[in-house]
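S.K.: Here is a sequence together with a model predicted from it:
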Amino acid sequence: MSVLRSPLPIDLHGRSVTRVGDLTAAELDAVLDLADELKQLRAAGEPHRLLEGRAIGLLFRKHSTRTRVSLEVAIAQLGGTAVDLPPTELQLARGESLSDTARVLSRYLDAFAVRTDAQAEVDLLAEAASVPVVNALTDEEHPLQALADLQTIRERFGELEGLRVAWIGDGSNVCVSLAAACALAGVEFACAAPAGYEPPGIEVVRDPFEAAAAAHVLVTDVWTSMGQEADREQRAHELAPYALAEPLLDAADPDAIVMHCLPAHPGEEISPALLYGPRSAVWDEAENRLHTSKALLAMLVG
């Protein structure tokens, strides 16, 4: 059952999204518009079962809270069925190829989301599959997070174009995707990172106060991501000057907000006062993972 005000203005049906760059500026804007509408429908208690009878697989090699739960709830509220695909329980664990797995899953599922290490793995699955494949996080990108981030920023400021976003700290996969999304949306993106922590293909500054100057949004991420635990102590030492704390917020725009994709380590990459304070948009940002996931799946599969 659909109660959308109007038909979807842009057709993404059958497409895969393995990185932010798979979307155009107009397509990105359309996903955000639909996410806003679906968020309003959920708040009003109105059904929006745009994926009635559809089955979407979740193939996760890495731990997850927000991505897994938001996708499962999104699929359920859209009227579809989420199918858990634990890699250790698939024939992948016994040597079946990624391409053959993708071909078989395409005969059962209407789409599947993949959370794994290598970007090449998601790319290969998307190439072999005949249904949409969505990147639910790789070491290189996290497009679902970038969509939620832009929805959150647009909610707070009313528009995106002309804003300045400052990334502070490790140039992670989240940083890469957010920078790409900002470029599509006409948002200025600044990144402050120490040597050795620069995001690929993105110009950085060393001084976090230079990046934060007049910024409307300050964003950070954990200093030690999954798979980097052995280097935790070294990373904490080298990234310590890039902690997101009150002096950086003071250097930003007077109405600036603070964001973090979570999970957070208060007292490390972000101060508790900013994470839990009145300028934090972190919890709206986490919620919006649901609404943007709904929008993207509806446009790819519906």
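M.R.: Looks like it arrived, so ask away.

S.K.: for the stretch 1-150 of the chain, what are the low-confidence residue spans?
M.R.: By pLDDT under 70, the low-scoring segments of the stretch 1-150 of the chain are 1-2.

S.K.: any chance you could map the helices in it?
M.R.: Using DSSP state H, counting those that start in this stretch, the helices assigned to the stretch 1-150 of the chain run over residues 25-44, 66-77, 98-108, 119-128, 143-157.

S.K.: In CSV: these, plus mean neighbour count and distance to residue 216.
M.R.: From N, CA and C alone the C-beta is placed, and that goes for glycine too. Below are those laid out as CSV (neighbours: other CB atoms under 10 Å; distance: least, CB to CB, whole Å):
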stretch, mean neighbour count, distance to residue 216
helix 25-44, 18, 17
helix 66-77, 20, 23
helix 98-108, 16, 40
helix 119-128, 19, 30
helix 143-157, 24, 6
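
S.K.: Same list (those) but as a markdown table, adding distance to residue 208.
M.R.: Shown next, in a markdown table, are the helices of the stretch 1-150 of the chain (distance: least, CB to CB, whole Å):
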| stretch | distance to residue 208 |
| --- | --- |
| helix 25-44 | 28 |
| helix 66-77 | 26 |
| helix 98-108 | 40 |
| helix 119-128 | 28 |
| helix 143-157 | 19 |
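
S.K.: Compare the ones you listed and give me the one nearest residue 264.
M.R.: helix 66-77 (11.8 Å; CB to CB).

S.K.: now the closest one and helix 25-44, what's the angle there?
M.R.: Compare the direction of helix 66-77 with that of helix 25-44 by axes from the mean of the first three to the mean of the last three CA atoms, to 10 degrees and you get 70 degrees.

S.K.: list the helices and strands helix 66-77 packs on?
M.R.: strand 55-60, strand 81-84, strand 111-115, helix 282-301 (3 or more CB pairs under 8 Å, 6 or more residues apart in numbering; DSSP states H and E).

S.K.: That helix to helix 282-301, inter-axis angle?
M.R.: Using the same axes, to 10 degrees: helix 66-77 against helix 282-301 is 50 degrees.

S.K.: between helix 66-77 and strand 111-115, how big is the angle?
M.R.: Using the same axes, to 10 degrees: helix 66-77 against strand 111-115 is 170 degrees.

S.K.: Could you export helix 66-77 as PDB, CA atoms only?
M.R.: Below are the C-alpha coordinates for helix 66-77, written out as PDB (Å, rounded to 0.1, in the frame of the first residue of the first chain):
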ATOM      1  CA  ARG A  66      22.700   0.700  13.100                       C
ATOM      2  CA  THR A  67      23.100  -0.800   9.600                       C
ATOM      3  CA  ARG A  68      21.600  -4.200  10.400                       C
ATOM      4  CA  VAL A  69      18.800  -2.900  12.500                       C
ATOM      5  CA  SER A  70      17.900   0.000  10.300                       C
ATOM      6  CA  LEU A  71      17.800  -2.200   7.200                       C
ATOM      7  CA  GLU A  72      15.800  -4.900   8.800                       C
ATOM      8  CA  VAL A  73      13.200  -2.400  10.200                       C
ATOM      9  CA  ALA A  74      13.200  -0.500   6.900                       C
ATOM     10  CA  ILE A  75      12.400  -3.700   5.000                       C
ATOM     11  CA  ALA A  76       9.700  -4.700   7.500                       C
ATOM     12  CA  GLN A  77       8.000  -1.300   7.500                       C
END
